[in-house]
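> Sequence first, then the predicted structure:
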Amino acid sequence: MFPASTYSDRRTQLAAQFDSGLILLLGNKDAPMNYADNVYPFRQDSSFLYYFGLDTPGLAALIDMDSGTTTVFGTDVTMDMVVWTGPQPSLQEMCSWCGITHVQPITALGQVLQEASSKGRTIRYLPPYRADNLLRLHHGLELPVSEIQKSVSVDLIKAIVDQRSVKSPDEIVELEQAINVTHQMHMTAMELAQAGMLESDLMAAVYEVPLTLGRHPSFPIILTVHGETLHNHHYHHTLEEGQLLLVDAGGESDMHYAGDMTRTFPVGRQFTAKQKEIYQIVLDANVQTAEVLKPGITFKEVHLLAAKIIATGLTDLGLMKGNVEEAVEAGAHALFFPHGLGHMLGLDTHDMEDLGEDYVGYTDTLKRSPQFGLKSLRLGRTLKPGFVLTIEPGIYFIPALIDKWREEGKHTGFINYDALESYKDFGGIRIEDDHLITVENSRLLGEPVPKTIEEVEEVRGG
């Protein structure tokens, strides 16, 4: 945990955004896999972690702007708990670590909320993403389940997004720790992959890296020879010479800050000539967009730069045609680049996505585009010092999408469908790094993972 003063200062800053009322922050509970005592690995709610740092199931907190007090609700240690899980600190002791002195049993939370509601006090809360917290809000606020999501506090969401978006120096340390674990995960994949190996065998070796450090991956690992499927979590294929392997993986720090990187490399020792051509276009987009990152530029501008670099490269290869600017404006490039260039990174891999992507990545004046490809850009807003984000351009040859667009006669002035026929078995390439926006420009976080053609082939050849 950070020092208690860090959490106290964060809560003070949040409370200062409101004149009165209560802020309710719910921690997560253990989630059963198939019966109550067989649970998934526990993961605390990230906003609760940000303001309290307590990585324990079954907690909740109320920040009272009128009394100036903050109360944590939880369950104290019983002998049954000690028997099954070993000695544990008391609730009061845990709360002292984050500067909290007011503690109540979790069973009192519902009554406290009902009393506040009966007095007409404003109770602000975040959108629940777990069913148990939805029910806690239903009972505590005496609202129909169907009304809970409609009554979430937009002003609280915006205040938390503004605060969590700018990472402190201590948070950057945590993020670099997570990204360095991520570096080890990718080097493991790049060094061990070989023809004849199952994807599942290699995925297990990558997964082992954070586990040996007492940590977890920051999201389900993507490791596939079918990189054209953007979020592919199947690991049953056998690696074959001539294929490309896409690995999108990240590790957590001890305090759950996330790393997120992607590398694509040949199963054999070298890229084929065809693979090199496509890979270089993606690499150019990765490097050149990172070079323009700075405060004051919108990330939508950076994304569109990546789209133009990709469209230019594909036009040079004869896979696209016509005017590049017009092709990108029309969205023709999205056949090959159907996702956004990146997203915010922090306590979540897609940072604060539970609060709503449009609140995190957009503003009241900058709205998300409905255009295919561009609508999947999670982050569009103006960049500020302290933002941490990913840069992850890609090129994918998705047979079903190619066939669909061709049948519809879509963007025939910009896409050479005949030339694409020989690429339908190509797969996909994505290259992703993590960057911090500084006062003047940006810097790469963590130890770099090889990504030029020469660097990758050197590792694979070794």
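Arrived safely, thanks for sending. Note that the structure is predicted; figures quoted are calculated from it, not measured.
> Let me see the contact set for residue 267.
Residue 267 makes contact with 193, 194, 195, 225, 239, 240, 241, 242, 243, 244, 245, according to Cβ atoms under 8 Å, 6 or more residues apart in numbering. To be clear about C-beta, it is placed using only N, CA and C from the backbone, and glycine gets the same treatment.
> Return the member of these nearest to residue 348.
residue 245 (26.2 Å; Cβ to Cβ).
> May I see the buried residues of the lengthiest helix in the chain?
In the chain, taking DSSP state H as the definition, the longest helix is helix 169-192. Of the residues in helix 169-192, 171-172, 174-190 count as buried by neighbour count, 16 or more other Cβ atoms under 10 Å.
> And stretch 402-422, by the same measure?
402, 405, 406, 410, 411, 414, 415, 416, 417, 420.
> re earlier: which helices and strands sit right next to the longest helix of the chain?
The contact analysis (3 or more Cβ pairs under 8 Å, 6 or more residues apart in numbering; DSSP states H and E) places helix 169-192 against helix 199-212, strand 244-249, strand 261-266, strand 433-437, helix 453-461.
> for the residue lying closest to residue 44 once chain neighbours are set aside, helix, strand, or coil?
With sequence-adjacent residues excluded and distances taken as Cβ to Cβ, 6 or more residues apart in numbering, residue 44 is closest to residue 55, at 5.0 Å. Three-state call for residue 55 (DSSP: H, G, I helix; E, B strand; the rest coil): coil.
> okay if I get the helices and strands packed on helix 169-192 as JSON lines plus mean pLDDT, distance to residue 283 and mean neighbour count?
As requested, the helices and strands packed on helix 169-192 are exported to JSON lines (pLDDT from 0 to 100; distance: least, Cβ to Cβ, whole Å; neighbours: other Cβ atoms under 10 Å):
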{"stretch": "helix 199-212", "mean pLDDT": "98", "distance to residue 283": "22", "mean neighbour count": "17"}
{"stretch": "strand 244-249", "mean pLDDT": "98", "distance to residue 283": "14", "mean neighbour count": "25"}
{"stretch": "strand 261-266", "mean pLDDT": "98", "distance to residue 283": "10", "mean neighbour count": "24"}
{"stretch": "strand 433-437", "mean pLDDT": "98", "distance to residue 283": "11", "mean neighbour count": "22"}
{"stretch": "helix 453-461", "mean pLDDT": "97", "distance to residue 283": "7", "mean neighbour count": "15"}
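> The ones you listed: which one's closest to residue 124?
Taking Cβ to Cβ, strand 433-437 is the member of those nearest to residue 124, at 28.8 Å.
> quick one: the closest one to strand 261-266, angle?
Strand 433-437 runs at 150 degrees relative to strand 261-266, counting by axes from the mean of the first three to the mean of the last three Cα atoms, to 10 degrees.
> Now do the lowest-mean-pLDDT helix or strand in the chain: which elements does it pack against?
The weakest-scoring helix or strand in the chain, judged by mean pLDDT, DSSP states H and E, is helix 79-85 (a mean of 86). Of the remaining helices and strands, none touches helix 79-85 by 3+ Cβ pairs under 8 Å, 6+ apart.
> what's next to the helix or strand following it, contact-wise?
Following helix 79-85 in sequence order, the next helix or strand is helix 91-96 (DSSP states H and E). Outside helix 91-96, the residues that touch it by Cβ under 8 Å, 6+ apart are 4, 54, 56, 72, 74, 75, 76, 77, 101, 103.
> Return the set of buried residues in the helix or strand that residue 112 is a member of.
Of the helices and strands defined by DSSP H and E, residue 112 is found in helix 109-118. Neighbour counts over helix 109-118 (16+ other Cβ under 10 Å) mark 109, 112, 113, 116, 117 as buried.
> Check stretch 312-323 too.
Quick answer for stretch 312-323 (16+ other Cβ under 10 Å): 312, 313, 314, 315, 319, 320, 321, 322.
> Spatially, which residue comes closest to the last one, not counting chain neighbours?
Nearest non-adjacent residue to residue 322, counting by Cβ to Cβ, 6+ apart: residue 414, 4.8 Å away.
> mind listing what the one you found touches?
Residue 414 sits next to 320, 321, 322, 326, 327, 330, 332 when contact means Cβ under 8 Å, 6+ apart.
> Go through the residues you listed and say which is closest to residue 21.
Residue 21 has its nearest neighbour among the contacts of residue 414 in residue 330, at 47.9 Å by Cβ to Cβ.
> what about the closest one, neighbour count?
By other Cβ atoms under 10 Å, the residues close to residue 330 number 16.
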